[in-house]
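A.B. asks: Here is a sequence together with a model predicted from it:
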Amino acid sequence: MKYTFWTLVIWAILAFTSCINGHGDSKENEPAFGWRTTGLKPNADELNTIGTGIQKITHVGNRLFAMDARVTATGKKNFQMFTTLQGDSTWDTLWLPNRVSPYCWYTDSIYLYVGTDLTGQVWRYDPKNNSWVDLLTNADSLFRVYSISEFKGHIIASLSSGWDTTKSPVLILQDNGKWLDINSKQLFAANAFHKGIEFNNVFYASTYDQGVWYWTPTDSTWHQLSNPPRSDVGGTAINAYPRGMAVFENELYIGYWNGGGIQKYLGNDSWLRVDSMFLDSLKNLKTTTASDIYSLATGGGHLFSAGYYSSNPTVYTGATEPKGWRKISRATYCPADSFQCLGTNVSDMDIVNDTLYAAAWDALLKFPLSDLDSGIIGAPAYPVGSSTTSLAKKIKNGNANAK
């Protein structure tokens, strides 16, 4: 009996210690380095439809929010929101009042702002009190809120209507709680814009296919920037499809879809392409980032890029030596329950405290920045800088053998 008693005591101590160390959640499948699972992935039937899967990731404090684009039986996308605390792998569904369908969002240090699909509403969510407030845009029904941004502490919502192409209001929320349309001249037509960002007291907006526009309260007028040149093997093509935007080291960066790469705005309608282009052994043009940029993010002294048709997000080390772009390889970790890990499409990224999150077609994954910093030490950087411009000129002139 004595032996049995002490055996039970030892087993009880071991069991208790195990629970304390693991918080009741086994980590035996977690890697020692690289990408890790967050516990959120789309339904299996979504993986056969491009444009579905995890589309957006954002946060307020240490509370995470993710948006999943699902396709209904009628073929229409049905966006759903999920939330959890950082470090927790259990996600809860977050519903708008009356279960209105969300489409876009924006966060500040306190609230989550959600724009609706086809009802023209902007809702403000308070994570601390789990409460919603309708900010009363008074927009016509059937309007879609394409994006929500902020300028000098004021929320800006870009709306558009597919049934009336003459209406694309850009609303700014004033101090009195009323919305003012700052696009009454309809410069954006029916396309609205995907993302807006404040930089040097100017508000910049990336449109669907009309390039980058900017607005200041000084003259309350929208102005269009010239489109940066795009060089490829076939010649010069239009480069008017901006998507991701970020301010990094006090400079404005724009990520372009349709092969436009990443451009740094130099002011006065001048651009510099910063994702290096090079010719491989078969004289095919290659870039060091995704060819179709959808998201830019900054954190830990780095600029991150991700997009469509790329298996790896990339990171630019900026002022940190050695400079240049590097792939954040998915080979470091591919969760067993993930169909392609970070393959095909990465629609969005976010930096939360010390962790990079990537919203991919088939999973929401995370990468500790501590792993990133140690992983890029001694890694070769892809060339950047003026060589891009010279190579582009040679390609444009038809010199396929340029080196």
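C.D. replies: That came in fine, so what should we check first? Fair warning: this is a prediction, and the values are worked out from it, not measured in the lab.
A.B. asks: contacting residues for the residue nearest to residue 242 when sequence neighbours are not counted?
C.D. replies: Leaving aside its chain neighbours, residue 242 sits nearest to residue 206 (3.5 Å; criterion: C-beta to C-beta, 6 or more residues apart in numbering). Every residue, glycine included, has its C-beta placed from N, CA and C. Contacts for residue 206 (C-beta atoms under 8 Å, 6 or more residues apart in numbering) come out as 193-196, 212, 242-245, 254.
A.B. asks: 10 Å instead, please
C.D. replies: 147, 193-197, 212-213, 241-245, 254-257 (C-beta atoms under 10 Å, 6 or more residues apart in numbering).
A.B. asks: That one - that's part of a helix, no?
C.D. replies: No. Counting by DSSP: H, G, I helix; E, B strand; the rest coil, residue 206 is not found in a helix; it is strand.
A.B. asks: That one pairs with what?
C.D. replies: residue 195, residue 212 (DSSP bridges).
A.B. asks: circling back: would you write a ChimeraX line that selects the buried entries of the contacts of residue 206?
C.D. replies: This is the ChimeraX syntax for the buried subset of these, where burial follows 16 or more other C-beta atoms under 10 Å:
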select :147,193,194,195,196,197,212,213,241,242,243,244,245,254,255,256,257
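A.B. asks: If you count neighbours, what's buried in stretch 177-187?
C.D. replies: Here stretch 177-187 shows 179, 181-183, 187 as buried, counting by 16+ other C-beta under 10 Å.
A.B. asks: Check these and tell me the two furthest apart.
C.D. replies: The largest separation in the buried residues of stretch 177-187, counting by C-beta to C-beta, is between 179 and 187 at 18.0 Å.
A.B. asks: host element of residue 357?
C.D. replies: strand 355-360 (DSSP states H and E).
A.B. asks: which secondary structure elements does that strand contact?
C.D. replies: With contacts taken as 3 or more C-beta pairs under 10 Å, 6 or more residues apart in numbering; DSSP states H and E, strand 355-360 sits against strand 53-60, strand 63-71, strand 292-299, strand 302-308, strand 346-352, strand 364-368, helix 369-375.
A.B. asks: out of these, which comes closest to residue 90?
C.D. replies: The closest of these to residue 90 is strand 63-71. By C-beta to C-beta, the value is 11.5 Å.
A.B. asks: Let me know the average pLDDT across the very next helix or strand once past that closest one.
C.D. replies: Using DSSP H and E, the helix or strand that follows strand 63-71 towards the C-terminus is strand 77-85. Averaged across strand 77-85, pLDDT comes to 92.
A.B. asks: Then stretch 143-153?
C.D. replies: Per-residue scores along stretch 143-153 average to 95.
A.B. asks: cool, stretch 326-342 as well?
C.D. replies: Stretch 326-342 comes out at a mean pLDDT of 52.
A.B. asks: Check stretch 182-195 too.
C.D. replies: pLDDT averaged over stretch 182-195 gives 75.
A.B. asks: repeat for stretch 315-323
C.D. replies: 64.
A.B. asks: and what of stretch 199-214?
C.D. replies: Here the average pLDDT along stretch 199-214 is 92.
A.B. asks: for stretch 297-308, same thing?
C.D. replies: Mean predicted lDDT for stretch 297-308 stands at 88.
A.B. asks: buried sites along that stretch?
C.D. replies: Those would be 297-300, 302-308, for stretch 297-308 by 16+ other C-beta under 10 Å.
A.B. asks: Just put those in TSV and tack on distance to residue 70.
C.D. replies: Formatted as TSV, the buried residues of stretch 297-308 follow (distance: C-beta to C-beta, whole Å):
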residue	distance to residue 70
297	24
298	30
299	29
300	33
302	32
303	31
304	26
305	26
306	21
307	22
308	19
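A.B. asks: and of those, the nearest to residue 52?
C.D. replies: Nearest to residue 52 out of those is residue 308 (C-beta to C-beta; 13.1 Å).
A.B. asks: Quick check: the gap between the closest one and residue 257.
C.D. replies: To residue 257, residue 308 is 8 Å away according to C-beta to C-beta, to the nearest Å.
A.B. asks: residues shared between the contacts of these two?
C.D. replies: 243, 290-294.
A.B. asks: Identify the residues contacting residue 38.
C.D. replies: Counting by C-beta under 10 Å, 6+ apart, residue 38 has contacts 54, 57, 64, 66, 84, 86-89, 91, 335, 355, 357-359, 363-366.
A.B. asks: Equivalent analysis for residue 145, please.
C.D. replies: Residue 145 makes contact with 102-105, 113-123, 137, 139, 157-160, 171, 192 under the criterion C-beta under 10 Å, 6+ apart.
A.B. asks: That one sits in which helix or strand?
C.D. replies: Per DSSP H and E: strand 144-151 holds residue 145.
A.B. asks: Skip ahead from that strand and say which helix or strand is next.
C.D. replies: strand 154-160.
A.B. asks: Can you list the buried residues in that next one?
C.D. replies: Neighbour-count burial for strand 154-160 [16+ other C-beta under 10 Å]: 155-160.
A.B. asks: Name the nearest of the residues you listed relative to residue 327.
C.D. replies: residue 158 (32.7 Å).
A.B. asks: just checking, the closest one touches residue 148?
C.D. replies: Yes. Residue 158 is within contact range of residue 148, at 7.8 Å (criterion: C-beta atoms under 10 Å).
A.B. asks: which residues are in contact with both of the two?
C.D. replies: With C-beta under 10 Å, 6+ apart, residue 158 and residue 148 have common neighbours 104, 115, 171, 195-196.
A.B. asks: of these, closest to residue 316?
C.D. replies: residue 195 (18.9 Å).
A.B. asks: list the contacts for residue 93?
C.D. replies: 68, 80-83.
A.B. asks: need these in a markdown table with distance to residue 262 and neighbour count, can you?
C.D. replies: Below are the contacts of residue 93 laid out as a markdown table (distance: C-beta to C-beta, whole Å; neighbours: other C-beta atoms under 10 Å):
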| residue | distance to residue 262 | neighbour count |
| --- | --- | --- |
| 68 | 27 | 23 |
| 80 | 31 | 16 |
| 81 | 29 | 21 |
| 82 | 29 | 17 |
| 83 | 31 | 19 |
